[in-house]
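Visitor: Need a 3D model of the sequence below.
(one chain, ligands or ions: 1)
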Amino acid sequence: MLGKLRSLSLSLAEEPRLPKKLSQWVQFGGQEVRDFWDRHPELRNKEWVECDYSEVAAALVGLQLSHPARQKTFLEWGCGFGVVAGTASLLGFDAVGIESEYFLVKEAVRIAVAYGVKNAEFWEGNFLPTGAEQFAEEEDPRVALKSEAKSAYAKYGRDIAEFGTVFAYPWPGEEHFLKSVFRNYAAADARLVLYRGPFQIEIYEKLPTESR
Ligand SMILES: C[S@@+](CC[C@H](N)C(=O)[O-])C[C@H]1O[C@@H](n2cnc3c(N)ncnc32)[C@H](O)[C@@H]1O
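Guide: Residues are numbered from 1 along each chain as shown. The predicted model follows:
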């Protein structure tokens, strides 16, 4: 049986004011992403889209203030250039980003090192655990989810249940499947932060088993 989630509410300012170290990082990261695609338009596929890094940073700051995480471990599912994982690291989390495209993993490492982000690791592989497909319902679209890569967890000797916060920017419609995966594999009390589009960030907390 899948674990239950409760929604955590957060009010987001339209123009969030971030601590300087974070606003500098999201600007730096965003510029690196734009510069990379300018240099390598041939690598960009149609499904590539990045979240609004400032909005996500503001949400993570707000979440820490209103509902501080018990576990300061952070996992970005499909991290691309790793800007969100880097943000979590600057907020004091041990952060990991998993990405199936090796060229993006290399860029994530390069950008984090160039800025001096510590406590962020980037893993190549599938962020879906082996067997996760069973939680997809037939009507769940899985357009942008890459499933060919091997699941990353065994290779790096870690488990989803070790992460107190999981972040993803799902392709429209894929959020239901990702929520089911989180409901099955995450630890009780872990949070799922979903960027759904501008001004729409959803945050869930997995309830302990006895609350099911
Ligand atoms: C919409 S982009 C978001 C990137 C990043 N989170 C951001 O907001 O900038 C989704 C990313 O997930 C990666 N991805 C898709 N399916 C994946 C999978 N099953 N395992 C690992 N990475 C995946 C894609 O290659 C892409 O880089």
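Visitor: List the buried residues of stretch 128-141.
Guide: Buried residues in stretch 128-141, defined by neighbour count with 16 or more other Cβ atoms under 10 Å: L128, P129, A132, F135, A136. (C-beta placed from N, C-alpha, C; glycine too.)
Visitor: Same check on stretch 8-27?
Guide: Judged by neighbour count using 16+ other Cβ under 10 Å, the buried positions of stretch 8-27 are L10, P16, L18, L22, S23, W25, V26.
Visitor: Backbone dihedrals for the last one, please?
Guide: Backbone dihedrals for V26, given as degrees, to the nearest 10, come out at phi -70, psi -30.
Visitor: ok, now which ones touch the spatially closest residue to it that is not a sequence neighbour?
Guide: Leaving aside its chain neighbours, V26 sits nearest to Y53 (3.9 Å; criterion: Cβ to Cβ, 6 or more residues apart in numbering). Contact analysis of Y53 by Cβ atoms under 8 Å, 6 or more residues apart in numbering lists V26, G29, G30, V83, V84, T87.
Visitor: how about JSON lines for those, with secondary structure and distance to the ligand added?
Guide: Formatted as JSON lines, the contacts of Y53 follow (DSSP: H, G, I helix; E, B strand; the rest coil; distance: Cβ to the nearest ligand atom, whole Å):
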{"residue": "V26", "secondary structure": "helix", "distance to the ligand": "11"}
{"residue": "G29", "secondary structure": "helix", "distance to the ligand": "9"}
{"residue": "G30", "secondary structure": "helix", "distance to the ligand": "9"}
{"residue": "V83", "secondary structure": "helix", "distance to the ligand": "6"}
{"residue": "V84", "secondary structure": "helix", "distance to the ligand": "6"}
{"residue": "T87", "secondary structure": "helix", "distance to the ligand": "11"}
